[in-house]
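Engineer: Need coordinates for the following:
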Amino acid sequence: MTNPTLDLKVARSPITRFSLPAWLVLVCVVTFTVLIGAGAAIYKNAPPIPATMVSPQQETVLSQENIQLGQETYLARGGQHIGSIWGHGSYLAPDWTADVLHRWGLATAGVLYRIPLKFFLATCFWNLVGAGVFGFLINPPIVLYYSQGINTTPIHAHSALFGVYGSLALALMLFALREITPDRAWNETWFNRSFWSINIGLGMMMVFGLIPSGFYQLVQSVNHGTWYARSAEVISSAWMHWTVWLRIPGDVVFSLGALLMVICVLRAIVAIFQEPTQLQPAEALTPELSQG
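Structural biologist: Take a look at the predicted model:
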């Protein structure tokens, strides 16, 4: 006697599948619908163009035709990046064109931004020395086998972390701060002393403290093993004690530069908040919007 079997068949509804050309057509339709709708909204919400702009003496300064000709000129020369999607670049003063900004930057960068540029140059220098020379010096596997966990790592860490990123952070901060600080509160002499104190102090740390102790440990690690280079006999040796004391002058010079930087920045911030707000002219050009 055979065992009865139960044959269950589930009816499956057919699944509609789109072919690749159908998906392409659908994407194109949706994309162009969005583009046309956005274009219509932009055209509908475009800012009005004044018929004329008159001075307080009722003299015509600018007409609608001048503005439209200016729009055409800006758009023809790719000037829409100065204005917006409506091409209102002709509303903006000529001093905001890219060419004038470039010329103004070249003329004033060496005067207004001398201190920020120095910190940018310090970033390049420490990037070469700290991240480049000392970074590649300790990172090859054969060297890392002996130098892991000894004072060769702080050589790279101090010069790359503060030397590069610290100098870059100070440069960006001072670049922004200089723009809004009154000239009377920007003491370039103090900032200059702070710059040299910070960088000379960092160099003294490296030359008199970290490099002698790091390479001394590296020699001991190569000759006797890493365990010996990190042992109390090496760490407590006279040479390591001398390098600790020799690092103190660099720390002091660096700290004085950092303290001077804090004082200069705080002085600039106080002057910014004490600066009176510029008063707006009582009378300005009054645009007369065109009707219709």
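Engineer: Please, where are all the helices along the protein?
Structural biologist: Assigned by DSSP state H, the chain shows helices spanning 20-44, 64-76, 98-112, 114-126, 135-138, 141-147, 152-157, 167-180, 188-204, 211-224, 226-229, 232-235, 238-274.
Engineer: Pull up the per-residue confidence for the residue nearest the centre of the chain.
Structural biologist: Central residue of the chain (C-alpha atoms, centre = their mean): residue 172, 6.9 Å from the mean position. We have a pLDDT of 90 for residue 172.
Engineer: which ones are touching the closest residue to it other than its chain neighbours?
Structural biologist: If the residues on either side of it in the chain are set aside, residue 172 comes closest to residue 116, at 7.7 Å by C-beta to C-beta, 6 or more residues apart in numbering. In this view, the C-beta of every residue, glycine as well, is placed from N, C-alpha and C. The contact partners of residue 116, by C-beta atoms under 8 Å, 6 or more residues apart in numbering, come to 171, 172, 174, 175, 178.
Engineer: State the pLDDT value of residue 116.
Structural biologist: Reported pLDDT for residue 116: 88.
Engineer: Equivalent analysis for residue 33, please.
Structural biologist: So, for residue 33, pLDDT stands at 92.
Engineer: how near is it to residue 192?
Structural biologist: As judged by C-beta to C-beta, to the nearest Å, residue 33 and residue 192 stand 61 Å apart.
Engineer: Repeat that for residue 216.
Structural biologist: Applying C-beta to C-beta to residue 216 and residue 192 gives a distance of 35 Å.
Engineer: Looking at the two, which is more packed in?
Structural biologist: Counted by other C-beta atoms under 10 Å, residue 216 and residue 192 do not tie: residue 216 has more neighbours, with 19 against 15.
Engineer: what about the closest residue to that one other than its chain neighbours, distance to residue 49?
Structural biologist: Excluding the flanking residues, the one nearest residue 216 by C-beta to C-beta, 6+ apart is residue 239, at 5.6 Å. Counting by C-beta to C-beta, the gap from residue 239 to residue 49 is 79 Å.
Engineer: more neighbours, the two?
Structural biologist: Set side by side, residue 239 and residue 49 show more neighbours around residue 49, with 18 against 12, by other C-beta under 10 Å.
Engineer: Just put the helices of the chain in CSV and tack on distance to residue 57.
Structural biologist: Listed next are the helices of the chain as CSV, based on distance: least, C-beta to C-beta, whole Å:
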stretch, distance to residue 57
helix 20-44, 36
helix 64-76, 19
helix 98-112, 28
helix 114-126, 44
helix 135-138, 67
helix 141-147, 78
helix 152-157, 67
helix 167-180, 35
helix 188-204, 44
helix 211-224, 73
helix 226-229, 85
helix 232-235, 84
helix 238-274, 37
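Engineer: weakest of the ones you listed in terms of mean pLDDT?
Structural biologist: helix 98-112 (a mean of 61).
Engineer: And residue 174, how close does it get to residue 275?
Structural biologist: For residue 174, the distance to residue 275 - C-beta to C-beta - is 18 Å.
Engineer: Between those two, point out the one with more neighbours.
Structural biologist: Shown here are residue 174 and residue 275; by other C-beta under 10 Å, residue 174 has more neighbours (27 against 13).
Engineer: give the contact list for the more buried one.
Structural biologist: By C-beta under 8 Å, 6+ apart, the neighbours of residue 174 are 115, 116, 119, 191.
Engineer: List just the nearest of those to residue 38.
Structural biologist: residue 116 (40.7 Å; C-beta to C-beta).
Engineer: Residue 204 reaches residue 248, doesn't it?
Structural biologist: No. Between residue 204 and residue 248 there is no contact under C-beta atoms under 8 Å: 9.5 Å.
Engineer: what about the nearest residue to residue 118 once chain neighbours are set aside, neighbour count?
Structural biologist: Closest residue in space to residue 118, ignoring its immediate chain neighbours: residue 195 at 5.3 Å, by C-beta to C-beta, 6+ apart. Residues lying near residue 195 (other C-beta under 10 Å) number 23.
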